[in-house]
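Trainee: Coordinates for the following, if possible.
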Amino acid sequence: MKHGWISLILFLLLAVSAIPAAAQEPSPAGPIYIVQAGDSLWDIAARFGVTIDELLAANSLNLDSLIFERQQLVIPGLEGVQGILTTQNVAFGETLASLSQHYQVSEDILARLNHITSPYEIYAGMSLVVPQAEDLQEPGPRLSLAAGQSLLELAVLNNTDPWSLAFTNAMTNTNFALPGEVLRGMGPADTGPGALPGVVTAVELTDFIQGGTSLIRVDGSDGLRLSGSVMDHPLNFFRMDEGNYVALQGVHAMTEPGTYPLTIQGSLADGTTFGFTQLIRVRADDFLYDVPLYVPPETLDPAITVPENELWNSLIVTATEQRLWDGAFSVPVDVAYAECWPSQFGSRRSYNDSGYIYFHTGLDYCGQVGFSIYAPAPGIVVYTGEMVVRGNATVIDHGWGVYTTYMHQSEILVEVGEHVETGQLIGLVGNSGRVIGPHLHFEVWVGGVTVNPLDWLAQSYP
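Mentor: The predicted structure follows:
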């Protein structure tokens, strides 16, 4: 009987092992995307550059099929790519090569997943699709090859060898490294921006929106000297605290939505320099259209407006070193009129039956002649005077390239060089200049560009 039980057990084991492999769950023929909240089949197909029919066929679905959050879908047409697909935002300071190093995925696969035809299409804030690796190792420290330095010398200085460096950085030849190129070494993890030198530990950018104020923050070694440019405007960096630097830059309200290059350059205490350029995306805002306005023709005459604009723009270009404000700006009028705006910033305008080729450069507050105007933040008065278009006008410098201006006044109550404090009476509402009625025209300038004052009243910069 004992032998009979043994024979039965052996038979069952052999029967189980004889089950054909075809009966097992087949491996998915492609990478897997996990459905997120709000996704539709059409959105997913467009995102991965496949037709809706291909996506349906790969997942045995039809047009009437419902998908649900966390459902797994096979993405067809990506031969050689396996695993779970996820998305990561591209930080400033990354290239296709550095992203390949960081996620341990070939540049070719990254390009195919994201339909990238040129490495220059990578922009800061871009949502990048990457295969998720379970055993992803954090990249090692960043090493920068100095001019005239060989890969061997760089390796010796960092306690490694050139072949290990070449393998880590997917180089087919140890002679292919270029001066200034940032490589990854072996050692403690470094999650900083992969294409910038190790002295820069992080770069953060806020959104770039028409008429908005953008913040560029760089963390790194103390003693960095930083500069840069974006959309033809120089970036002025200022030290917040040890190893922390910020630049504030306005985005013109008429800037075409799209991508633009942003450059950050720097030098170390020993004179070593670095620089990096990457695209950023400018998004559109939703501006209003004012009713057509009719004003004296001479206030639109280029013979008057061009020299006046040149003088005005020259007043707000200097970025003084001392930041005089702290926190959000205060409303520049009495509280009863704090939310009474006949015209808001950025609204498109037509003068004397022109096309809507103009925009409103500030925020208009309701008021009658003689109503009070207050300083919204501490600053230094840098201009007072009368102009044809702007009427009686005042300009206040708050430091770091931030200015406020006040137009159409009936009376100016401050002088050039005067230091003003928040809430100080600086003038009276009037009816001077190009107006169709008494009001205060209030502007905020950042980095040589007018921005939406409501942003500065609602939040603190930086």
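
Trainee: what's near enough to touch the closest residue to Val444 other than its chain neighbours?
Mentor: In space, and not counting its chain neighbours, Val444 is closest to Pro453: 4.6 Å by CB to CB, 6 or more residues apart in numbering. C-beta: built from backbone N, CA, C; applies to glycine. Pro453 sits next to 329, 345, 362-363, 404, 442-444 when contact means CB atoms under 8 Å, 6 or more residues apart in numbering.

Trainee: again, only using 7 Å
Mentor: Applying CB atoms under 7 Å, 6 or more residues apart in numbering, one finds that Pro453 lies in contact with 345, 362-363, 442-444.

Trainee: what's the answer for Tyr294, then?
Mentor: Contacts of Tyr294 by CB under 7 Å, 6+ apart are Asn352.

Trainee: measure it to Val389 for me?
Mentor: Distance check for Tyr294 against Val389: by CB to CB, to the nearest Å, it reads 15 Å.

Trainee: One more: Gly125?
Mentor: Note on Gly125: its distance to Val389, by CB to CB, is 37 Å.

Trainee: so how many other residues sit close to His102?
Mentor: By other CB atoms under 10 Å, the residues close to His102 number 20.

Trainee: Show residues contacting whichever strand or helix holds it.
Mentor: Here His102, judged by DSSP states H and E, is contained in helix 96-103. Here helix 96-103 makes contact (CB under 7 Å, 6+ apart) with 106-107, 110-111, 116, 119, 122, 128, 130, 136, 139, 169-170, 184, 194-195.

Trainee: what's the most distant pair in those?
Mentor: Pro119 and Leu136 (22.1 Å; CB to CB).

Trainee: Ends of stretch 388-402, what's the gap?
Mentor: End-to-end span of stretch 388-402 (CA to CA, to the nearest Å): 24 Å.

Trainee: now do stretch 250-258
Mentor: End-to-end span of stretch 250-258 (CA to CA): 16 Å.

Trainee: residues in contact with it?
Mentor: 208-214, 231, 282-284, 287, 346, 359, 445-447, 449-451.

Trainee: Counting neighbours, which bits of stretch 295-304 end up buried?
Mentor: Within stretch 295-304, the residues that qualify as buried are Thr299, counting by 16 or more other CB atoms under 10 Å.

Trainee: contacting residues around it?
Mentor: By CB under 7 Å, 6+ apart, stretch 295-304 touches 351-352, 388-389, 434, 436.

Trainee: now those residues in a markdown table, with distance to Asp219, neighbour count and secondary structure?
Mentor: Output for these, formatted as a markdown table (distance: CB to CB, whole Å; neighbours: other CB atoms under 10 Å; DSSP: H, G, I helix; E, B strand; the rest coil):
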| residue | distance to Asp219 | neighbour count | secondary structure |
| --- | --- | --- | --- |
| Tyr351 | 46 | 18 | strand |
| Asn352 | 51 | 12 | coil |
| Val388 | 47 | 16 | coil |
| Val389 | 43 | 20 | coil |
| Arg434 | 45 | 21 | coil |
| Ile436 | 49 | 10 | coil |
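
Trainee: Go through these and say which is closest to Val420.
Mentor: Val389 (24.1 Å).

Trainee: so that closest one touches Gly433, yeah?
Mentor: Yes. Between Val389 and Gly433 there is a contact at 5.6 Å, judged by CB atoms under 7 Å.

Trainee: and Gly433, what does it touch?
Mentor: By CB under 7 Å, 6+ apart, the contact set of Gly433 is 387-391, 407-408.

Trainee: Please name the nearest non-neighbouring residue to it.
Mentor: Leaving aside its sequence neighbours, Gly433 sits nearest to Gly391 (CB to CB, 6+ apart; 2.6 Å).

Trainee: Hmm, that neighbour is touching His408, no?
Mentor: Yes. Using CB under 7 Å, Gly391 and His408 qualify as a contacting pair, with a distance of 4.2 Å.

Trainee: quick one: common contacting residues for the two?
Mentor: 430, 432-433, 435.

Trainee: just checking, which of the residues you listed belong to strands?
Mentor: With DSSP state E as the criterion, strands contain none of those.

Trainee: Buried ones among those?
Mentor: Applying 16+ other CB under 10 Å to those flags 430, 432-433, 435 as buried.

Trainee: possible to save the residues you listed as CSV with distance to Leu99 and pLDDT?
Mentor: As requested, those are arranged in CSV below (distance: CB to CB, whole Å; pLDDT from 0 to 100):
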residue, distance to Leu99, pLDDT
Gly430, 56, 98
Ser432, 56, 97
Gly433, 52, 96
Val435, 53, 95
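
Trainee: hmm, back to that, any chance you could list what contacts the very next helix or strand once past the helix holding His102?
Mentor: Next along the chain after helix 96-103, taking DSSP H and E as the criterion, comes helix 107-114. Here helix 107-114 makes contact (CB under 7 Å, 6+ apart) with 78, 81, 96-97, 99-100, 128-130.

Trainee: of those, closest to Ala269?
Mentor: Looking across those and measuring by CB to CB, the closest to Ala269 is Ala97, at 28.3 Å.

Trainee: Can you list the strands that the helix or strand where Ile264 lies pairs with?
Mentor: Using DSSP H and E, Ile264 falls within strand 258-267. According to DSSP bridges, strand 258-267 forms sheet pairs with strand 225-230 (antiparallel), strand 273-283 (antiparallel).

Trainee: What sits closest to Glu181 if chain neighbours are left out?
Mentor: Nearest non-adjacent residue to Glu181 (CB to CB, 6+ apart): Leu145, at 5.4 Å.

Trainee: where does that neighbour fall, phi/psi-wise?
Mentor: phi -80, psi 120 (degrees, to the nearest 10).

Trainee: hang on, it packs against Phe176?
Mentor: No. Taking contacts as CB under 7 Å, Leu145 lies outside contact range of Phe176: 10.7 Å.

Trainee: now the strands for the stretch 251-400 of the chain?
Mentor: For the stretch 251-400 of the chain, the strands defined by DSSP state E, counting those that start in this stretch occupy 258-267, 273-283, 348-349, 358-359, 363-366, 372-374, 379-387, 391-399.

Trainee: Which one, of these, ends up nearest to Tyr33?
Mentor: Of all these, strand 273-283 comes closest under CB to CB, at 23.4 Å.
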